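> whatever this is, show me its structure:
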Amino acid sequence: MTNFETSREFARSLDQADELRHFRDHFSIPQDRDGRRNIYVCGNSLGLRPDSAAVLVNEVLEDWANLGVEGHVKARNPWLPYHRLATGGFAMLTGALESEVVAMNTLTVNLHIMMASFYRPDATRNKIIIESTAFPSDYFAVASQIRLHGYDPEECLVEWVPRDDQVLHDEDLEALLDRHAGEVALLLLPGVQYYSGQVLDMKKHCQLARDAGCNIGLDLAHAIGNVSLELHDWGPDFAAWCTYKYLNSGPGAVAGAFVHSRHHGLDTSRYLKGWWGHEESTRFKMAHIFEPAEGAERWQMSNPPILSLAPVVASLELFQKAGMEALTAKSALQTAYLKFLIDQYFMGKIESITPMNARGCQLSLIVTGPGLDAREIFKSLETMNVTSDWREPNVIRVAPVPMYNSFEDVHELIERMKTAISANEKR
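Residues are numbered from 1 along each chain as shown. Purely as a prediction, here's the structure:
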């Protein structure tokens, strides 16, 4: 190590070499406070607003004012097919065919819709495997699906438990599948585990599901826009994601879903129906005979909320310009730089539980130093205008996002962490 490698000048040199640095100018960064610029490392919870989101939302509002109902077909971007403005971006980010993805609903709603098709338990196969540290909403959705089919979650919800290192090990999942051979109907697993930040081997898990004769769905809430995905080639039965984290589409924005093309001919009795899943050319004939739309669009329920979809479209345009290869390369360098600085300054005080060989933007930090209070350190960072993220019982999640975070942001985060830890040590 040299002094230069830990200096602000070194961080600035990395920024000068960053070909993506100009994308930061397309986002609204929370305001400075008490003379300190905001260090926003919370894109894993809510991404920053692209300035173009306001442009597209205002466009919709203006067309509504000027056209009324005719905006469905005469708006600058007509509302009737508006959801398709997200199709190309979703396909690019997920490694899917355009026919396999659709913008609709919100994440947990989409999980329920997908499980209606792909969790079809019987007396033999009725179990669902999830990770024990799953986001509560996924746990609630799975338990309620099991109950709806007349089974008991105590018997049919099987948990894949991380080891003491907080990491999910594939050998343990394989052991679960062996132990419950012939009994598992569905694996519902994350692409990135929200608490630890671990990127799972989704390709391998899809193969494990096929070998076990069960379906697999992926929750990509923390994966899309964060890590490279190849859903069509990996072959999960379905996937779902929100868009307000790394996709920067605003609180509660319209989500997305994937259904592999091998299921596009699924019997219509196997999925829930709504009128927006009806073939568009005959939808407004108002017949009571359901004609399914092409591809994943047949899983749609209702016409999408255009005002909430416009920011999704704005953000996806930026992703298509930046490209995931460049974004993931910068992310790998940023998190390596962050880990390097943590190790230099906080050895024995702070460590990351995120495996460095299986990471995206997020590092989940735990405070290990004797006498240090993790919650108080997090609160101190808040007072210094650092926007990070707390998760019980003792994790501070930080996620430098390559689209808008700079290397100098990472350096400044460490500087403020020094101050927060020093103040906590003196208490």
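
> for the strand ranked longest in the chain, name the packing helices and strands.
Longest strand of the chain, by residue count under DSSP state E: strand 184-190. Applying 3 or more Cβ pairs under 8 Å, 6 or more residues apart in numbering; DSSP states H and E, one finds that strand 184-190 makes contact with helix 107-118, strand 127-131, helix 136-148, helix 202-212, strand 215-219. C-beta here means a position set from N, CA and C on the backbone, and glycine is covered the same way.

> so what's the closest residue to Asn303 other than its chain neighbours up against?
In this structure, Asn303 finds its nearest non-sequential neighbour in Trp276, 5.3 Å apart by Cβ to Cβ, 6 or more residues apart in numbering. Contact analysis of Trp276 by Cβ atoms under 8 Å, 6 or more residues apart in numbering lists Met104, Arg283, Glu297, Gln300, Met301, Ser302, Asn303, Pro304.

> if I look at Trp276, how far off is Arg24?
Trp276 sits 37 Å away from Arg24, going by Cβ to Cβ, to the nearest Å.

> could you do Ala53 as well?
With Cβ to Cβ as the criterion, Ala53 and Arg24 are 15 Å apart.

> can you pull out the helices in the stretch 201-350 of the chain?
202-212, 231-234, 280-283, 306-322, 324-345 (DSSP state H, counting those that start in this stretch).

> mind putting these in a markdown table, distance to His112 and mean pLDDT included?
Output for the helices of the stretch 201-350 of the chain, formatted as a markdown table (distance: least, Cβ to Cβ, whole Å; pLDDT from 0 to 100):
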| stretch | distance to His112 | mean pLDDT |
| --- | --- | --- |
| helix 202-212 | 20 | 98 |
| helix 231-234 | 20 | 98 |
| helix 280-283 | 23 | 93 |
| helix 306-322 | 19 | 98 |
| helix 324-345 | 28 | 98 |
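
> just how off-centre is the one helix or strand Asp409 maps to within its chain?
Using DSSP states H and E, Asp409 sits in helix 407-425. Centre-to-centre, helix 407-425 and its host chain are 27 Å apart (Cα atoms, centre = their mean, to the nearest Å).

> which elements pack onto that helix?
helix 8-16, strand 39-40, helix 324-345, helix 374-383.

> any residues touching that helix, and which ones?
8, 10-12, 14-15, 18, 36-37, 39-41, 334, 337-338, 341-342, 345-346, 349-350, 369, 371-373, 376-377, 380-381, 384, 386, 398, 400.

> got the angle between that helix and helix 8-16?
Our comparison of helix 407-425 with helix 8-16, counting by axes from the mean of the first three to the mean of the last three Cα atoms, to 10 degrees, yields an angle of 140 degrees.

> right, so the helices and strands packed on helix 407-425: which one is the most enclosed?
Among the helices and strands packed on helix 407-425, strand 39-40 has the highest mean neighbour count (mean count of other Cβ atoms under 10 Å), at a mean of 26.

> who does it pair up with?
strand 386-387 (parallel) (DSSP bridges).

> mean confidence for the partner strand?
Strand 386-387 shows a mean pLDDT of 96.

> circling back: would you check how far apart the residue nearest to Asn303 and Met347 are?
The value you get for Trp276 to Met347, if Cβ to Cβ is used, is 55 Å.

> need the helices of the stretch 201-350 of the chain in CSV (columns: distance to Asp170).
Formatted as CSV, the helices of the stretch 201-350 of the chain follow (distance: least, Cβ to Cβ, whole Å):
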stretch, distance to Asp170
helix 202-212, 6
helix 231-234, 15
helix 280-283, 42
helix 306-322, 29
helix 324-345, 22
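
> quick one: closest of the ones you listed to Ile146.
helix 202-212 (17.8 Å; Cβ to Cβ).

> that older thread, let me know the pLDDT of the residue nearest to Asn303.
95.

> among the helices and strands packed on strand 184-190, which is nearest Pro251?
With Cβ to Cβ as the criterion, Pro251 lies closest to helix 107-118 of these, at 12.8 Å.

> for that closest one, packing partners?
Checking 3+ Cβ pairs under 8 Å, 6+ apart, helix 107-118 ends up next to helix 136-148, strand 184-190, strand 215-219, strand 238-241, strand 256-259.

> got the angle for the longest one vs strand 127-131?
Calculated by the same axes, to 10 degrees, helix 136-148 forms an angle of 170 degrees with strand 127-131.

> hey, C-alpha coordinates of helix 136-148 in CSV?
The C-alpha coordinates for helix 136-148 follow below in CSV (Å, rounded to 0.1, in the frame of the first residue of the first chain):
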residue,chain,number,x,y,z
PRO,A,136,-40.4,-11.4,4.4
SER,A,137,-42.7,-10.6,1.5
ASP,A,138,-41.5,-13.7,-0.3
TYR,A,139,-41.9,-15.8,2.8
PHE,A,140,-45.5,-14.5,3.2
ALA,A,141,-46.3,-15.1,-0.4
VAL,A,142,-45.0,-18.7,-0.4
ALA,A,143,-46.7,-19.6,2.9
SER,A,144,-50.0,-18.2,1.7
GLN,A,145,-49.8,-20.1,-1.6
ILE,A,146,-49.2,-23.3,0.3
ARG,A,147,-52.2,-22.6,2.5
LEU,A,148,-54.4,-21.8,-0.5
